[in-house]
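Asks: Need coordinates for the below:
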Amino acid sequence: MDALIIATGFLQGLVQSYQQVAGPGLLPPLPLNLERYILRGFLSDDDSEQVLRTCSFISERLHHWAQLDFGHPSQTHAWRLFAGAILDSSPLLRNLGIRRVGEGPFLPPELERQIILHHVEGQDLAACSLVCVRMRYWSQSRLFHTIVFNSKPSPGSRNVDPETQAWRLLRIVESSPHLLLHIRNLSLQYSSAPLLAILSSREWPALEDLRLRYLPSVDEGCVPDIQRLVASPSLRSLELLFKPNAWNADYLTYILAHASRTLTTLSLKAYLEPQARHIPPSPLSRPSRNPSFILDRLDVISVPATLDVLAQPYFARCLSKVREMRYYHTLCETPHPLLNRIGRKLHSLEVESRDYSVANLAWAQMPLLTHLRCDLQHDTVVNILARLPPDNTLTTLTLTTTHQRWQAESLDQRGIGLQLDRVVAEKLPRLRVVCVEVTVIPRYRGITRIPRVDHARVTRELEAALPRLKGSGVLSIIFLRQEYPWWLSDFFRKLRLEKD
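Replies: This next block holds a predicted model:
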């Protein structure tokens, strides 16, 4: 039995899973020899120095094991110590059904699944996939869940180009066809014509989320390849991002005509220059089939021409049940008829206040809107909240911001908050929850000079800026870590983050 599977992450998962099974209350102490083994076998690397120092102050027993400098046992001996510690000294774990199988303990299948799916990370997860059939299934379901094809590597980079990466994936699934059932997400950061041709050469039966970014122009002959990918039988979410010179109405129509009938979420993006918004249509005939999907969510970002395409009767059935919408940077000077038609059924809307076109939305034509999400800025009051009708039905308001804006005391930020606090109290009579999402900007170790987040100070500043919402008990402040953007270069991906 490979001792890698009992690395720190796996052991922590075992304890956390036991706590969930045993119910609330204090965890029972671990056996003495298991405590010794964990402290000496897994908490002795450089990253765990602080953990060891903390353990040394808990009790005399932990102080003893944390301070002594024993040699590291071999892998085989380490596994036997671990197995013996659990089976011989822990009746609590034996009550869960653990018993000897060969050289190691056997965990109940439901506990193995809980540990591997929720608590094991990194190399430990790869090691678990090599242990036995049971662990292999749950480990591979996470290892192959999301496949990301990065953009072409920069000169001198050791990263593999996406076409080579795709060929490797195809060889793996050809030798192990069962892995196809684990692949749920495919993300192409740069959808070159060769990469699309490679991936479309086979079916993806379990694919649920497909992201095709920087699609090439229709002249490169990749329309059939894209159509085969979007026709995956289990596809639920589709994101299409067009190059500035690749957008045209017929191109989009041809792609969506072949989209899977299971599709429920569609995101359309294109970064167009002002003079490029009216690109003439390509010489494509009308598709021979009608789209069969019905959307629940629609995202339209930086591509105003999309509204003209989707407003055609050809897509009327597809948009008949849209309940959620994300609307960014479309720059429509007047309310588009499509927005009026969709708005009557919207329950949730996400906008950005810096986009002045949101001020032209027909807010009065959204009688079912209950959730609004936008950024916390001065423009939020001017362009959005002040334009809501007095009989609106909003019950949930989500405001997004960053910790930098509220870390230091700022009269400007407090003034923005006080103005928003007053308008919300006056214009949203049915409001039940105001959630402020504070994004913590990552700090790269040794490079970024962004101040470390002070959760208490940010919370105090927000509460001082929103006194009415705090007093009425509807204010909720949560902190979220900003994820790596997909467009970050290889250099930034390798940098270590500060632990905030």
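
Asks: Which strand or helix spans Ala425?
Replies: Following DSSP states H and E, one finds Ala425 within helix 411-427.

Asks: Flag every buried residue along that helix.
Replies: Residues of helix 411-427 classed as buried: 413-414, 416-417, 419-421, 423-425, 427 (neighbour count, 16 or more other C-beta atoms under 10 Å). The way it works is simple: take the backbone N, C-alpha and C, and place the C-beta from them, glycine included.

Asks: That helix: what's the following helix or strand?
Replies: By DSSP H and E, the next helix or strand past helix 411-427 is strand 433-440.

Asks: what pairs with that following strand, and is each one parallel or antiparallel?
Replies: strand 396-402 (parallel), strand 475-481 (parallel) (DSSP bridges).

Asks: re the thing from before, save the buried residues of helix 411-427 as JSON lines, and put in pLDDT and distance to Ser292 too.
Replies: As requested, the buried residues of helix 411-427 are arranged in JSON lines below (pLDDT from 0 to 100; distance: C-beta to C-beta, whole Å):
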{"residue": "Gln413", "pLDDT": "86", "distance to Ser292": "49"}
{"residue": "Arg414", "pLDDT": "88", "distance to Ser292": "52"}
{"residue": "Ile416", "pLDDT": "90", "distance to Ser292": "46"}
{"residue": "Gly417", "pLDDT": "90", "distance to Ser292": "47"}
{"residue": "Gln419", "pLDDT": "91", "distance to Ser292": "47"}
{"residue": "Leu420", "pLDDT": "92", "distance to Ser292": "43"}
{"residue": "Asp421", "pLDDT": "92", "distance to Ser292": "47"}
{"residue": "Val423", "pLDDT": "91", "distance to Ser292": "44"}
{"residue": "Val424", "pLDDT": "91", "distance to Ser292": "42"}
{"residue": "Ala425", "pLDDT": "88", "distance to Ser292": "46"}
{"residue": "Lys427", "pLDDT": "89", "distance to Ser292": "41"}
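
Asks: which one of the strands paired with strand 433-440 is the most hemmed in?
Replies: strand 396-402 (a mean of 20; mean count of other C-beta atoms under 10 Å).

Asks: Which elements pack onto whichever helix or strand comes after it?
Replies: Going down the chain from strand 396-402, the next helix or strand is helix 403-407, by DSSP H and E. Helices and strands touching helix 403-407, as assessed by 3 or more C-beta pairs under 8 Å, 6 or more residues apart in numbering; DSSP states H and E, comprise strand 433-440, helix 455-465.

Asks: Residues contacting helix 403-407, please?
Replies: With contacts defined as C-beta atoms under 8 Å, 6 or more residues apart in numbering, helix 403-407 is touched by 376, 413, 438-441, 450-451, 453-454, 457-458, 461-462, 479.

Asks: number of nearby residues for His455?
Replies: Residues near His455, counting by other C-beta atoms under 10 Å, number 13.

Asks: Any idea how far apart the tips of stretch 218-237 sit?
Replies: Criterion C-alpha to C-alpha, to the nearest Å; first-to-last residue distance in stretch 218-237 is 22 Å.

Asks: which parts of that stretch are buried?
Replies: Buried-residue list, stretch 218-237, by 16+ other C-beta under 10 Å: 218, 222-223, 225-232, 235-237.

Asks: Can you list which of those residues are found in helices?
Replies: 223, 225-230 (DSSP state H).

Asks: Tell me if I'm right that Leu143 and Ala126 touch.
Replies: Yes - Leu143 is within contact range of Ala126, at 6.7 Å (criterion: C-beta atoms under 8 Å).
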